[in-house]
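S.K.: Okay, sequence plus prediction incoming.
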Amino acid sequence: MREESDATVIIADPISRARAGEEDAFRELTAPHHRELQVHCYRMLGSFQDAEDALQDTLLAAWQGLGAFEGRASLRTWLYRIATNRCLNALRSASRRPAKEWDVPKVEPPEPTRFGDVVWLEPFPDAILEGAINVPLGAEARYERTESISLAFVTALQLLPPRQLAVLILRDVLGFHANEVADMLDSTLESVNSALKRARASLQRRRPPAPGRERPPASGSPNEDAIVAKFVSAWESADLAALVALLTDDVFISMPPMPFEYGGRDLVARFCASIFRAGRRFDLVRTRANRQPAFGAYLRSPGGIRLGIGLYVLTLTGDRICAMTRFDNSVLPWFGLPRSLPSV
């Protein structure tokens, strides 16, 4: 009997190869979902750094548990299940982060409107968002992609109880069906629907529609560029009158991780005046965060070196600025911005 000389080569599918321990096959399976999962973790945790940690935990858990993946749901849905529960665990175990004290030398700010509840918020670089928020959403998603990553929306999410937070993101932001969410959370359909109802009501109370509020100009449009150019000119030249002319009546400033928050044009003008009055002068470097105009802020020093002191993110409405959020300088590297700029 003649021996068979031709070997038949069978190439297994990526899941089978990954289950057999091939890391390249696992990366092939999961890499297309990395960025959207990172954004999901960011929405849940409000922290860029914590979202990166949660993503790595998710991938490790998926690698270790791939043998239990039965294929009843898609791989993407299974990964969202793991990521959501990793974030819920992080939220339940996290201790409340302390707010920072006011630490701006020679600046005596006015009394704030209030002290914010969400002081651990961090911005998310647009460069990483590319390809992450344009993934297909379920038919039941209620929020536009840009709104659902905005700083105002992410801030409001952080005030929801963890389970309500998870349900609202999975249902109203990503558009998963209620039965899918119940399976992800090992819950019942009734429990999911009840949590969603409460979350929607809470979010509505915290983010009531501003009467007459116009939509922001399109990203990168001439209208947006015009507002940004006026802001940069006013801030770099410490022109308080020009700055105030750009603000809405109900403009709002927050400064995580400092809890100080200022609301209303008059009080915001007084706050900005306290900075300019102290002789602080800045150069701004443009970037983008959370689909909003942002700037690395560099303080001019007597020696000529310009020191990075933070990141400003603007929220626009029509041709005006309705909010500004200031983050500390620890976030600058995430945006590819240096800690300092050379003298000019």
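M.R.: Good, I have the coordinates. Predicted, not measured: the structure shown is a model, and the values here were computed from it.
S.K.: my read is Thr325 is in a helix, agree?
M.R.: No. Read with DSSP: H, G, I helix; E, B strand; the rest coil, Thr325 is strand and lies in no helix.
S.K.: Quick check: pLDDT value at it.
M.R.: Thr325 is assigned 97 on the pLDDT scale.
S.K.: beta partners of it?
M.R.: Note on Thr325: beta-bridge partners by DSSP bridges are Ser254, Val313.
S.K.: Share the number of residues neighbouring it, please.
M.R.: Close neighbours of Thr325, defined as other C-beta atoms under 10 Å, add up to 25. Where you see a C-beta, it was placed from the backbone N, CA and C, and this is true even at glycine.
S.K.: same deal with the one 5 residues further on?
M.R.: Counted with other C-beta under 10 Å, the burial measure for Ser330 works out to 14 neighbours.
S.K.: Go through stretch 31-51 and flag the buried ones.
M.R.: If you call a residue buried by 16 or more other C-beta atoms under 10 Å, then stretch 31-51 has these buried ones: 33-48, 50-51.
S.K.: What of stretch 91-102?
M.R.: Leu91, Ala99.
S.K.: Would you work out how far apart the start and end of that stretch are?
M.R.: 27 Å (C-alpha to C-alpha, to the nearest Å).
S.K.: same deal with stretch 118-132?
M.R.: Using C-alpha to C-alpha, one end of stretch 118-132 lies 25 Å from the other.
S.K.: neighbours around the closest residue to Arg92 other than its chain neighbours, how many?
M.R.: Leaving aside its sequence neighbours, Arg92 sits nearest to Pro162 (C-beta to C-beta, 6 or more residues apart in numbering; 6.3 Å). Neighbours of Pro162 under the rule other C-beta under 10 Å: 15.
S.K.: So what's the predicted local confidence for Pro162?
M.R.: Looking at Pro162, its pLDDT reads 96.
S.K.: mind listing what it touches?
M.R.: The contact partners of Pro162, taken as C-beta atoms under 8 Å, 6 or more residues apart in numbering, are Leu88, Leu91, Arg92.
S.K.: can those go into JSON lines with extra columns for distance to Val107 and secondary structure?
M.R.: Formatted as JSON lines, the contacts of Pro162 follow (distance: C-beta to C-beta, whole Å; DSSP: H, G, I helix; E, B strand; the rest coil):
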{"residue": "Leu88", "distance to Val107": "40", "secondary structure": "helix"}
{"residue": "Leu91", "distance to Val107": "34", "secondary structure": "helix"}
{"residue": "Arg92", "distance to Val107": "38", "secondary structure": "helix"}
